[in-house]
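Engineer: just need the structure, nothing else, for what follows:
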Amino acid sequence: MTRYNIDPRISIAQDEIPVDEQNPEMATKKLVAVLQFFDAMVRGSDAKWKPMLASADQKVLAELVQQGLLAPAAKEIDVVLLGCGTLQMGFDSSEAVFALIQSGSRFDAQLWSFAPTPGSEDQFTFEAAPTPPDVLNHLSGTKAGPRIRQWGELIKTKLEEAKRPDEVIVMPTLDYSETVEESTSPGGNAPRPGSTPSDGEPGRKVNPGGVPAPRPPPIR
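Structural biologist: Just a heads-up that it's a prediction; the model follows:
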């Protein structure tokens with residue numbers, strides 16, 4: 001930490017750092033990138049933070065800076081606990097870092113995927129993962145690996161729920177399968193109404209908003 005002048009509020013356990021057995025040097029570069037990324041965050045340094053953010057997150061950062069919210073939020077941060085792992089989304093996987101951020105008595109969680117910046121061997125680009133509501137209540141364990149996996153599964157569940165229709169409309173049906181009996185009453189032969197509208201339950205409501213868009217550090 002001291003070697004790279006990382007803010008002392010940031011901490012990562014030895015068994016939570018990036019691992020690359022085939023390329024230990026790359027693992028070190030990933031660790032340095034993760035530490036410097038959150039160092040820029042907690043110091044409220046938009047100039048250092050912006051180049052490491054994906055384009056969509058850069059726009060969010062610009063809004064925070066314009067509104068004067070970044071620096072005050074950064075000063076409120078007391079502790080940042082980090083842990084790295086793999087985020088699996090369908091058939092795609094990416095390296096990710098889980099952050100548990102304490103500001104006073106409040107705890108917030110963030111998840112960022114990261115990958116080498118195209119055209120650079122030493123730079124990495126970080127992208128905020130979607131953050132479901134009350135995500136911490138859905139995570140268990142103390143290690144980042146399982147929490148990252150659970151986070152990915154939660155995103156998948158929320159996306160599937162968002163695709164479901166708000167309601168299942170049950171249409172009335174008529175049963176014409178029964179033999180039409182000949183009638184002697186005026187009007188001749190006529191089909192006889194069969195079953196009443198079929199029983200069915202309305203479809204389960206889903207959150208209209210789906211999964212919230214990625215967000216930068218928690219601002220209050």
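Engineer: helix, strand, or coil at the residue nearest the centre of the chain?
Structural biologist: Of all residues in the chain, the one closest to the mean position by C-alpha atoms, centre = their mean is residue 130, 2.4 Å from it. Using DSSP: H, G, I helix; E, B strand; the rest coil as the criterion, the local structure at residue 130 reads coil.
Engineer: give me the pLDDT for it.
Structural biologist: Predicted confidence (pLDDT) at residue 130: the value is 93.
Engineer: isn't it up against residue 155?
Structural biologist: Yes. Because the distance of 5.4 Å satisfies C-beta atoms under 8 Å, residue 130 is recorded as touching residue 155. For every residue, glycine as well, the C-beta is placed using N, CA and C.
Engineer: which stretches in this protein count as strands?
Structural biologist: Secondary structure of the chain (DSSP state E): strands located at 10-12, 79-89, 92-103, 106-116, 124-128.
Engineer: mean neighbour count for these - can I get that in TSV?
Structural biologist: Written out in TSV, the entries for the strands of the chain read as follows (neighbours: other C-beta atoms under 10 Å):
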stretch	mean neighbour count
strand 10-12	20
strand 79-89	19
strand 92-103	19
strand 106-116	19
strand 124-128	19
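Engineer: ok, residue 37 - contacts?
Structural biologist: Taking C-beta atoms under 8 Å, 6 or more residues apart in numbering as the criterion, residue 37 is in contact with 49, 52, 97, 112, 114, 124, 126.
Engineer: so what pLDDT did the residue nearest to residue 116 when sequence neighbours are not counted get?
Structural biologist: Spatially, and ignoring its direct neighbours in sequence, residue 116 is nearest to residue 124 (5.8 Å; C-beta to C-beta, 6 or more residues apart in numbering). Per-residue confidence for residue 124 comes out at a pLDDT of 97.
Engineer: ok, now residue 3?
Structural biologist: If you check residue 3, the pLDDT there is 82.
Engineer: export the strands of the chain to a markdown table and append columns for distance to residue 44.
Structural biologist: Output for the strands of the chain, formatted as a markdown table (distance: least, C-beta to C-beta, whole Å):
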| stretch | distance to residue 44 |
| --- | --- |
| strand 10-12 | 14 |
| strand 79-89 | 13 |
| strand 92-103 | 13 |
| strand 106-116 | 16 |
| strand 124-128 | 16 |
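Engineer: could you pull out the helices for this protein?
Structural biologist: Under the criterion DSSP state H, helices of the chain are mapped to 24-43, 46-49, 55-66, 70-76, 144-163.
Engineer: most tightly packed of those?
Structural biologist: For the helices of the chain, average neighbour numbers computed from mean count of other C-beta atoms under 10 Å are highest in helix 24-43, which has a mean of 19.
Engineer: before we move on, back to that, closest one to residue 33 out of the contacts of residue 37, please.
Structural biologist: Taking C-beta to C-beta as the measure, residue 33 sits nearest to residue 124 out of the contacts of residue 37, at 4.1 Å.
Engineer: distance of the closest one from residue 94?
Structural biologist: 11 Å (C-beta to C-beta, to the nearest Å).
Engineer: what sits in contact with each of these two?
Structural biologist: The overlap between the contact sets of residue 124 and residue 94 (C-beta under 8 Å, 6+ apart) consists of 114, 115.
Engineer: count the neighbours of residue 143 for me.
Structural biologist: Residue 143: 13 surrounding residues under other C-beta atoms under 10 Å.
Engineer: hang on, it packs against residue 16?
Structural biologist: Yes. Shown here, residue 143 and residue 16 form a contact pair, counting by C-beta under 8 Å, at 7.1 Å.
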